[in-house]
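> give me coordinates for this.
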Amino acid sequence: MSQTATEASNNFWQDFKAERQSIEDQIQQLGAKPKNDLPGCFDSILKQINQLEKTLTQALDFVPSYDERQYMEQLKVLSASLESAKANLTPKAKFSFKSRKTKKEASNNPGVQHNNKPTTTILDTNAPSARKDNVLSFKDKVDTVIRVENPTTTAVNVLLSKLRRCVVLVDNLNISSLHVEDLKECLIVCGMVQGSVLIYGISLSIIAVGCHQFRMHNAQGVDVIYNVSSRPIIEDSSNIRVTEYPAISVETTNYFDNVDDFNWLKQQASPNWKVMDSSKSNHINHQLSSITPENALSILSALLSEIKP
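Here you go, the predicted structure:
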């Protein structure tokens, strides 16, 4: 005998509550773990949070909209608690950065300064410091091209925060999740993310990515070029344009144009997002297909000129 929607919703709540409590208990117990065991514990808990997110996505057909928002907030709290535990229990990772050198020095005069040149930061993901805790973190950068290269088979979580007028190029990397917070006038070009893309606070930016789950909160004036295998979610967002990302092949249904807006529960289409017209989509994807670290900031400027009011 099949369940009613109410019964299914109630059963889901019991299962969700039990799993949430289990994750909370594991986070609380991290302080008692040997330091050598922490990376594996962090990864295990993150996978459980991602799985709980996936379970929620699969339950959206019978979970009421209000309850759905409450579940999302609880997942956000779990993710924040895990990140806080990581910060408190492990030393800050000291990543090995180096600037890409030009073939010819601009000047042999040490007194000549060239502060207007963009910076390209290259992260070697095979370096021990870069792979610590399987987290790659970039923050507090301005006018910088950040390139993640040298692929590794180890799954990593990529964290981007407090970037201004930056381009982030991530490719050929086994990515578990992508977390973005407080970005403005940035371009993110990423490969396939195995789990979730979670964005909290982004404006006047472009993101290109493939993923299983996509959630974006507090976004204004953002172009999203993506392939996503579940219904994407936005909240407290406006002026969002979406389109497909042909650079990443998709074997499952691409739900790029099935956006759930948590601030718009009416039957009519949400005014906060729209599908990009084909000419604009083709133009952006063409630009992305030709991007290099050397021309990245120029492409960013060109794309931003089409977004800014």
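> can you list phi and psi of the residue nearest to Leu30 when sequence neighbours are not counted for me?
The shortest distance from Leu30 to any non-neighbouring residue, by Cβ to Cβ, 6 or more residues apart in numbering, is to Ala85 (5.1 Å). For every residue, glycine as well, the C-beta is placed using N, CA and C. Backbone geometry at Ala85, expressed as degrees, to the nearest 10, gives phi -60, psi -40.
> then Asn254?
The phi/psi pair for Asn254 (degrees, to the nearest 10) reads phi -100, psi 110.
> please verify my assumption that Ile23 contacts Gln48.
Yes: using Cβ atoms under 8 Å, Ile23 makes contact with Gln48 at a distance of 5.4 Å.
> of those two, which one has the most company?
Each of Ile23 and Gln48 has its neighbours counted (other Cβ atoms under 10 Å); Ile23 has more, 22 against 17.
> which stretch of helix or strand covers the more buried one?
Using DSSP states H and E, Ile23 sits in helix 5-28.
> elements contacting the next helix or strand after that helix?
Next along the chain after helix 5-28, taking DSSP H and E as the criterion, comes helix 38-58. Identification of packing neighbours for helix 38-58 by 3 or more Cβ pairs under 8 Å, 6 or more residues apart in numbering; DSSP states H and E yields helix 5-28, helix 65-89, strand 175-184, strand 213-228.
> could you check the angle the longest one makes with strand 213-228?
Between the direction of helix 65-89 and that of strand 213-228, the angle (axes from the mean of the first three to the mean of the last three Cα atoms, to 10 degrees) works out to 100 degrees.
> how about the shortest one?
Calculated by the same axes, to 10 degrees, strand 175-184 forms an angle of 100 degrees with strand 213-228.
> could I get the average pLDDT for strand 175-184?
Model confidence over strand 175-184, given as mean pLDDT, is 91.
> just checking, Glu53 touches Cys211?
No: using Cβ under 8 Å as the test, Glu53 is too far from Cys211 to be in contact (11.4 Å).
> mutual contacts of the two, please.
Among the neighbours of Glu53, those also in contact with Cys211 (Cβ atoms under 8 Å, 6 or more residues apart in numbering) are Gly195, Ser196.
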